[in-house]
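1. return atomic coordinates for the entry below.
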Amino acid sequence: MRAKNAAGLTPQQIAGKYSLTQVPTMVTGVTVLAGTPLSASVAGAIPHREAEGIYTGGNGGGGVQFQINLKSLPHSKNEFDSWFTNGRPIK
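-> From the prediction side, this is the model:
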């Protein structure tokens, strides 16, 4: 997700917007190399029956999420780790 789309949201609201099965506690910056293939989709709602026991509030979805094709991931752990910066708790 883009930082601007989560700015000002509580962890519970982020979980609902992106249909996460757990409330997030951390956030990090991600820098993907230019030319890396991405897929984008809109997070779907979690049906009520499937959402039982998930403590995220409303699971309505609607947030745009991105996925990197597994074949596009770096082969080196060090290179992969370099994509992620400034990991910190969500305030």
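
2. could you pull out the strands for the chain?
-> Using DSSP state E, the strands of the chain run over 26-30, 38-42, 64-68, 84-89.

3. including mean pLDDT, could those strands go into TSV?
-> TSV is the format used below for these (pLDDT from 0 to 100):
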stretch	mean pLDDT
strand 26-30	93
strand 38-42	89
strand 64-68	87
strand 84-89	94
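
4. next, format the ones you listed as CSV and append distance to residue 18 and mean neighbour count.
-> From N, CA and C alone the C-beta is placed, and that goes for glycine too. As requested, these are arranged in CSV below (distance: least, Cβ to Cβ, whole Å; neighbours: other Cβ atoms under 10 Å):
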stretch, distance to residue 18, mean neighbour count
strand 26-30, 12, 12
strand 38-42, 10, 10
strand 64-68, 6, 13
strand 84-89, 18, 9
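
5. show me the shaky parts of this protein.
-> Residue ranges of the chain with pLDDT under 70: 46-59.

6. tell me who's in contact with the closest residue to residue 17 other than its chain neighbours.
-> Counting by Cβ to Cβ, 6 or more residues apart in numbering, residue 17 lies nearest to residue 63, which is 4.0 Å off, once chain neighbours are set aside. Contact partners of residue 63, counting by Cβ atoms under 8 Å, 6 or more residues apart in numbering, are 1, 5, 17-19, 42-43.
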